[in-house]
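Enquirer: Sharing a sequence plus its predicted fold:
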Amino acid sequence: MRSHQSQNKIYKTLSGRIISYYGVEKGSSIYSNNKNEGITLDEFFELLLKSWVKESAYPSAQNDPQFNLANDPTYGQCAITAMFVNKLFGGEIRKIRVSGNGTHYFNVINGQIIDLTRDQFDLYNIPLNYSTGVNVPLEYCGKNPDTKARYDILKKNVQKYIKA
């Protein structure tokens, strides 16, 4: 179990592997801005575990022969997840450079780093340096048509579970 694993809740991937997110110790106390949905960050993470699909992943992740949604559901889902967290919970979206010159998106809410897709790096022991993060406007993340389409897929999937 990772040091940032919640003491109260254990999350699992479809393959049964234990998964968590960075900032989980604050997840039960961070509530969505939409009073009608009124969900915590922990509850939202549970919805995401059911809602991330291959089609919502970044194109290079979709095309990766190693892609395994059941074991690594966060792979390629960072930008759209950070957008969704920002819309529901507020805060900031930040971007960092990662190994191989790629980028990774995460959130900062009330001064707390929240990274619901951190597991894709933890799984392969790839370090992340959040201190180098730069703020990225929500509009920037959604201006790419592919990112917008993938966000819409994720949103539709999450809404199915919220309505249920």
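Expert: That came through fine.

Enquirer: where do the strands sit along the protein?
Expert: If DSSP state E is used as the criterion, the strands of the chain fall at 11-12, 18-19, 92-98, 102-109, 112-114, 134-136.

Enquirer: Okay, buried residues for the fourth one please.
Expert: Under the neighbour-count criterion of 16 or more other CB atoms under 10 Å, strand 102-109 has 104-109 buried. For every residue, glycine as well, the C-beta is placed using N, CA and C.

Enquirer: next one: stretch 26-45
Expert: Under 16+ other CB under 10 Å, the buried positions of stretch 26-45 are 26-27, 30-32, 39-45.

Enquirer: And it, end to end?
Expert: 12 Å (CA to CA, to the nearest Å).

Enquirer: Check stretch 86-104 too.
Expert: 15 Å.

Enquirer: Do me a favour and get the end-to-end distance for stretch 111-126?
Expert: End to end - CA to CA - stretch 111-126 spans 24 Å.

Enquirer: Could you list the buried residues of that stretch?
Expert: For stretch 111-126, using 16+ other CB under 10 Å, the buried residues are 112-122.

Enquirer: for the least confident helix or strand in the chain by mean pLDDT, the distance to its chain's centre please.
Expert: When the helices and strands of the chain are scored by mean pLDDT, DSSP states H and E, helix 138-142 comes last with a mean of 89. Distance of helix 138-142 from its chain centroid, counting by CA atoms, centre = their mean, to the nearest Å, is 15 Å.

Enquirer: repeat for stretch 94-113
Expert: For stretch 94-113 - counting by CA atoms, centre = their mean - the centre lies 11 Å from the chain centre.

Enquirer: How about residues contacting that stretch?
Expert: 22-23, 26, 30, 41, 78-79, 81-83, 85-86, 89-93, 114-118, 121, 126-130, 132-136, 141 (CB atoms under 8 Å, 6 or more residues apart in numbering).
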